[in-house]
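Visitor: Predicted model and sequence follow; I will ask about them next.
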Amino acid sequence: MLKKIIAIAVFLIIAIGVPAYILIKDDPEVQHYNPYGEGPTDLSIFVEALESPDNIAEYDTRSIISSPVLLKGIKDPEQTCYVVVGVDREYRQEEIKIIEKFVREDGGKAIIMDDFGSPNALSEKFGVFFYGKPMWDDVNMTGPRTVRNISFPIFNFKLGLVPHSVVLNGPTGLTTYNTNVEYIANGSEKSYVDLDGNGRINIGDKKGNIPVIIEVRFNESKGRIVFIADADIATDDMLKHNPNNKIFMTQLVNRVMDKKDSLILFDESRHEHVPSQEIVYKNMETVAVMSSWFWPTVMTIVSMVVIFGIVVYSSKDKESWIHRFDVSAFSRRHNPPERLNVQTERARTALMLKVRMMYSYSAEEMAALQPDQIRAMIKDKDLMELALNPSQSWTQQELRVVIQRIKEWGAD
């Protein structure tokens, strides 16, 4: 019984303790964009604003940690919004096809936020491209006139009839050839994308009224997708310093979802993780959608523990067999083989084989020879004795000499 209790305790430590430590352990150098974390690059303030009872609509937020292919099985795509903040891992073709169908045909909603151009394989399906290079604006900068911060451009625009003043953090620019789009926010006439990265405007740079927020609509399916050229617009750190960002992001979701109660899915499968966490996330790919509610996860783990405990408790203890073996004991063999006799017989066999080979006899012909014929063939007294007298006893020294003479026999 004690062994079973120890086995269950060890399983609990491994199954719960190790994954919990790996997932809880923080790495300050990794940007998380976790909808339920509370770090500077997480999205908890944005999620709280969406779930707030003061909001116009009631939203249920969840996370995708495996793959956006799960959108294929969504029951009510028109009331579902797919949100990805920061794309570190590029989309596979299968994922792109499912997201495109989710928006274009099924009427789903999506908001894509990034500033490095990684979503371009997806966005090009809607006629939109991320430049992936820094965007500067010599007019719309934050800070006083004497100390302007070009890394945090401010954008003034209207969403519907509501004016907004939104600050971005090192954004890139967008471009599109799609005529069925709405430009929600643009840079000034002196905005440009620094394509060569030299910090100033060159001939090859994109210049003038660079778009940063674009919405694409599909009237037939009611699908909508919004592209935002900044991954940090809705992070906790930005919302704390720029409350207008929270107001805008909340209104944007309300607008996209038409102010109806909906499901908001945050895709965390596009993010990079530290190596230890990456192992855990990959092993959880069979889990489709993880709820932000903690207890379903806990109940799943408890169920696994209970099943394991039942199996261990109901299994029979194996019969002890250790006492049957004692490697420290030593006993001599009762009838050790006579090594000298074995060597003598092997020497006789070797001699007869050599004689047969020398005279080109078959095994049958050799067996038919008479002793006198064998003596005439060997012509060596000691070797004849070895070949024809099995009862002759030999000492080790005598046998050594005879073996040497077998080797030399027939050389003349």
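Guide: Good, I have the coordinates.
Visitor: end-to-end on stretch 109-117?
Guide: Criterion CA to CA, to the nearest Å; first-to-last residue distance in stretch 109-117 is 20 Å.
Visitor: tell me the contacts of M249?
Guide: F46, A49, I233, A234, L239 (CB atoms under 8 Å, 6 or more residues apart in numbering). (C-beta placed from N, C-alpha, C; glycine too.)
Visitor: Compare those residues and tell me which has the most neighbours.
Guide: Neighbour tally across those (other CB atoms under 10 Å): the maximum, 28 neighbours, falls on A234.
Visitor: tell me the contacts of the nearest residue to it once chain neighbours are set aside?
Guide: Ranked by CB to CB, 6 or more residues apart in numbering and with sequence neighbours excluded, the top spatial neighbour of A234 is F46, at 4.4 Å. Going by CB under 8 Å, 6+ apart, F46 touches P35, A234, T235, D236, L239, K246, M249, T250.
Visitor: before we move on, the earlier item: and the contacts of M249, which is closest to K407?
Guide: Distances from K407 to these, taken as CB to CB, are shortest for A234 (92.5 Å).
Visitor: Show the contacting residues for that closest one.
Guide: Listed by CB under 8 Å, 6+ apart, the contact set of A234 reads L43, F46, V85, M113, N245, K246, M249.
Visitor: wait, is it part of a strand?
Guide: No. With the criterion set as DSSP: H, G, I helix; E, B strand; the rest coil, the secondary structure at A234 is coil rather than a strand.
Visitor: Show me the strands paired with the helix or strand encompassing I111, marking each as parallel or antiparallel.
Guide: For I111, the host element (DSSP states H and E) is strand 109-113. Partners of strand 109-113 in the sheet, by DSSP bridges, are strand 80-85 (parallel), strand 223-228 (parallel).
Visitor: Just flag the most distant two among the contacts of M249.
Guide: The largest distance within the contacts of M249, taken as CB to CB, falls between A49 and I233 and amounts to 13.2 Å.
Visitor: what comes into contact with the strand holding I111?
Guide: Where contact means CB under 8 Å, 6+ apart, the residues beyond strand 109-113 that reach it are 78, 80-87, 99, 102-103, 119, 122-123, 223-228, 230-231, 233-234, 252-253, 256-257, 262.
Visitor: For the nearest residue to L351 once chain neighbours are set aside, the count of nearby residues, please.
Guide: For L351, ignoring the flanking residues on the chain, the nearest one in space by CB to CB, 6+ apart is I406 at 5.2 Å. Using other CB under 10 Å, I406 has 20 neighbouring residues.
Visitor: ok, now A9?
Guide: When neighbours are counted by other CB under 10 Å, A9 registers 10.
Visitor: remind me, longest strand of this structure?
Guide: Ranked by number of residues, the top strand in the chain under DSSP state E is strand 149-159.
Visitor: In terms of residue numbering, what are the domains of this protein?
Guide: Domains of the chain are assigned by automatic domain parsing as 31-272, 339-408.
Visitor: First-to-last residue distance for the last one?
Guide: Start to finish, the residues bounding domain 339-408 are 24 Å apart (CA to CA).
Visitor: That one - what's its average pLDDT?
Guide: Within the predicted structure, the mean pLDDT of domain 339-408 is 87.
Visitor: Distance from it to the middle of the chain?
Guide: In this view, domain 339-408 has its centroid 72 Å away from the chain centroid, taken as CA atoms, centre = their mean, to the nearest Å.
Visitor: Could you do stretch 138-151 as well?
Guide: Per CA atoms, centre = their mean, the displacement of stretch 138-151 from the mean C-alpha position of its chain is 42 Å.
Visitor: Flag the shaky bits of the protein, pLDDT-wise.
Guide: Within the chain, the stretches with pLDDT under 70 are 1-5, 7-8, 11-12, 14-31, 273-298, 312, 315-338, 411-412.
Visitor: just the helices in it please.
Guide: If you assign secondary structure with DSSP state H, the helices in the chain sit at 2-12, 18-24, 44-51, 93-104, 120-123, 236-241, 243-256, 275-283, 294-314, 339-358, 363-368, 371-378, 381-388, 396-408.
Visitor: right, so of the ones you listed, which gets closest to Y183?
Guide: When the helices of the chain are ranked by proximity to Y183, the top entry is helix 243-256, at 14.0 Å, counting by CB to CB.
Visitor: between that closest one and strand 223-228, how big is the angle?
Guide: Direction vectors for helix 243-256 and strand 223-228, defined by axes from the mean of the first three to the mean of the last three CA atoms, to 10 degrees, enclose an angle of 160 degrees.
Visitor: For helix 243-256, list the C-alpha coordinates in PDB.
Guide: Extracted C-alpha coordinates of helix 243-256, given in PDB (Å, rounded to 0.1, in the frame of the first residue of the first chain):
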ATOM      1  CA  PRO A 243      -6.500  55.600 -21.900                       C
ATOM      2  CA  ASN A 244      -7.800  56.600 -25.300                       C
ATOM      3  CA  ASN A 245      -6.300  53.400 -26.800                       C
ATOM      4  CA  LYS A 246      -8.600  51.300 -24.600                       C
ATOM      5  CA  ILE A 247     -11.700  53.300 -25.600                       C
ATOM      6  CA  PHE A 248     -10.800  52.900 -29.300                       C
ATOM      7  CA  MET A 249     -10.100  49.200 -29.100                       C
ATOM      8  CA  THR A 250     -13.300  48.500 -27.200                       C
ATOM      9  CA  GLN A 251     -15.300  50.500 -29.800                       C
ATOM     10  CA  LEU A 252     -13.500  48.800 -32.600                       C
ATOM     11  CA  VAL A 253     -14.600  45.300 -31.400                       C
ATOM     12  CA  ASN A 254     -18.100  46.600 -30.800                       C
ATOM     13  CA  ARG A 255     -18.200  48.000 -34.300                       C
ATOM     14  CA  VAL A 256     -16.900  44.800 -35.900                       C
END
